[in-house]
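J.: here's a sequence, model it:
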Amino acid sequence: MLLTIIVPLYNAEKHLERCLNSLINQQLNAVDYEIILINDGSTDDGKLIAEKFIKKHSNIVLYNQNNCGLGASRNRGIELAKGTYVYFIDSDDYLAHNTLHIILNYSIKYDLDLLGFSSIQTSRLDLNICKSNNEFLNIEVLKGVDFLVEHKHLDLGACWYIIKRDYLINSRYKFVEGKFFEDVVFTYYIFLHAERLLYLPIDAHRYVKVLESITNNDNQTHLKKVIEDYTSLIYRMNQLIIEISNNNESSYNVIANNIKFKRSVNIYFMFYKMIRSNISIRNINKILRGFKVIDAYPLTNFIGDQYHQRKFKISVYVFNNKYLFYLLLYPLRLLNKYKLIKLP
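T.: As a prediction, this is how the structure comes out:
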């Protein structure tokens with residue numbers, strides 16, 4: 001079997017049919033790939049939709065488990081996978097039709113550990129046509145370290161690359177379980193140790209902006225969890241920076257600095273979650289003191305080629321002056337509550 005597609009699903013009845021339809025319209029023979037659905041304790045009718053597809057498609061299988069989270073679901077999918085290559089996709093996203101066979105063919109042709117491709121963020125549910133002309137010139141296979149040096153703004157989502165299963169198993173890296181942002185550090189590790197990596201400029205993946213997503217959910221219990229997991233992520237990224245910095249080669253120093261930038265990006269957007277939450281200033285201060293100890297706060301490397309507009313400069317100035325931030329916190333919360341401002 002050439003490919004395993006792993007699809008975790010939790011209360012995905014609104015999106016699952018679209019996702020699965022995109023996965024079976026890929027010019028791949030059913031015997032060459034499998035679609036593993038991991039039902040992570042759903043309470044809606046997503047399971048019934050999955051079973052309907054299973055009756056029609058012999059290469060789709062469903063596994064049920066108690067709710068364990070996205071990281072645990074992906075890890076279980078890895079254990080069950082039989083394909084030479086593994087691909088992860090979220091149940092609310094989808095693929096452009098007839099793109100996955102191109103990605104798989106290049107992966108096999110060049111014997112790759114990893115192949116990355118492009119993603120389009122959209123609210124549309126019918127972008128099934130790929131814009132790429134499928135004629136790719138100047139194909140260059142790189143080591144993962146070299147790729148990371150060249151790509152400061154690497155997309156860290158697990159849905160924009162496929163991985164050779166043997167490489168994934170032998171690396172022993174797994175998604176962190178029980179946390180949001182489970183794929184950030186995982187992606188860095190997988191890229192760091194890849195010997196053969198290729199980026200293919202084909203717009204295959206569709207990242208659907210969903211109202212009930214992790215970033216848009218304003219439930220206070222949820223926001224508290226998001227802030228806790230952001231904090232955990234920052235410390236895991238810091239540990240990765242320390243490990244990389246132990247290598248004196250200049251390329252690793254570049255990668256460490258790029259990760260520091262990504263760390264700052266996550267802290268920046270974490271500030272907005274703090275505004276939308278009801279977390280106390282005392283607890284915010286405790287978090288920021290911890291970040292200061294590891295030299296992650298104030299944000300010194302956020303403003304640059306990607307974030308340079310005036311709105312970012314102003315907000316970073318406020319966030320970096322924590323007492324000014326504390327002074328503005330409650331007015332900002334009121335403005336957000338009454339929808340007079342829109343926060344990321």
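
J.: E195: what secondary structure?
T.: coil (DSSP: H, G, I helix; E, B strand; the rest coil).

J.: how close does it get to Y189?
T.: 14 Å (CB to CB, to the nearest Å). The way it works is simple: take the backbone N, C-alpha and C, and place the C-beta from them, glycine included.

J.: nearest residue to the spatially most central residue of the chain in space, please, no chain neighbours.
T.: Nearest to the mean C-alpha position of the chain, by CA atoms, centre = their mean, lies G157 at 2.4 Å. Residue nearest to G157 in three dimensions, not counting chain neighbours: D183, with 6.1 Å by CB to CB, 6 or more residues apart in numbering.

J.: right, and that neighbour touches L156 too?
T.: Yes - using CB atoms under 8 Å, D183 is in contact with L156, at 6.3 Å.

J.: could you check which of those two has the larger neighbour count?
T.: D183 (19 against 16; other CB atoms under 10 Å).

J.: in contact with that one, which residues are there?
T.: For D183, the contacting residues are 71, 156-158, 175, by CB atoms under 8 Å, 6 or more residues apart in numbering.

J.: also L288?
T.: So L288 contacts 297, 322 (CB under 8 Å, 6+ apart).

J.: for it, helix, strand, or coil?
T.: helix.

J.: got it, and the one 10 residues further on?
T.: When the structure is split into helix, strand and coil by three-state DSSP, P298 lands in coil.

J.: same deal with G178?
T.: Secondary structure, three-state DSSP: G178 is coil.

J.: not counting sequence-adjacent ones, nearest residue to it?
T.: Using CB to CB, 6+ apart, the closest residue to G178 is G69 (5.4 Å).

J.: roughly how far apart are that neighbour and C19?
T.: Distance from G69 to C19, by CB to CB: 19 Å.

J.: now swap in T122 and tell me
T.: Counting by CB to CB - T122 and C19 are separated by 14 Å.

J.: between the two, point out the one with more neighbours.
T.: Using other CB under 10 Å as the criterion, T122 and C19 rank with C19 on top: 24 against 14.

J.: surely that one is in a strand?
T.: No - using three-state DSSP, the assignment for C19 is helix, not a strand.

J.: right, and it touches D92 too?
T.: Yes - in this structure C19 lies within contact range of D92 using CB under 8 Å: 7.1 Å.

J.: shared neighbours, those two?
T.: Counting by CB under 8 Å, 6+ apart, the residues touching both C19 and D92 are A12.

J.: need the contact list for the closest residue to Y110 other than its chain neighbours.
T.: Spatial nearest neighbour of Y110, chain neighbours left out: V141 (5.5 Å); criterion: CB to CB, 6+ apart. Applying CB under 8 Å, 6+ apart, we find V141 in contact with 110, 112, 196-198.

J.: in those, find the pair that's most separated.
T.: Y110 and L197 (9.5 Å; CB to CB).

J.: more crowded one of those two?
T.: Set Y110 next to L197 and count neighbours by other CB under 10 Å: L197 wins out with 23 against 14.

J.: where are the low-confidence patches of the chain?
T.: Filtered on pLDDT under 70, the chain yields the residue ranges 211-216.

J.: let's see 90
T.: 131-139, 151-155, 209-218, 247-249, 305, 342, 344 (pLDDT under 90).

J.: and the strands in it?
T.: Assigned by DSSP state E, the strands in the chain fall at 3-9, 33-40, 60-65, 85-88, 94-95, 114-122, 161-164, 197-208.

J.: which of these sits closest to N248?
T.: strand 197-208 (23.0 Å).

J.: and that closest one, what does it pack onto?
T.: strand 94-95, helix 100-109, strand 114-122, helix 144-150 (3 or more CB pairs under 8 Å, 6 or more residues apart in numbering; DSSP states H and E).

J.: counting contacts, what elements does the last one pack onto?
T.: Same thing as helix 144-150. Short answer (3+ CB pairs under 8 Å, 6+ apart): helix 144-150 packs on helix 184-192, strand 197-208, helix 250-276.

J.: mind listing what's buried in the second one?
T.: Think strand 197-208. 197-200, 202-208 (16 or more other CB atoms under 10 Å).

J.: which one of these is nearest L324?
T.: Of the buried residues of strand 197-208, the one sitting nearest to L324 (CB to CB) turns out to be Y207, at 34.3 Å.

J.: contacting residues for the closest one?
T.: 93, 119-122, 157, 159 are the contacts of Y207 under CB under 8 Å, 6+ apart.
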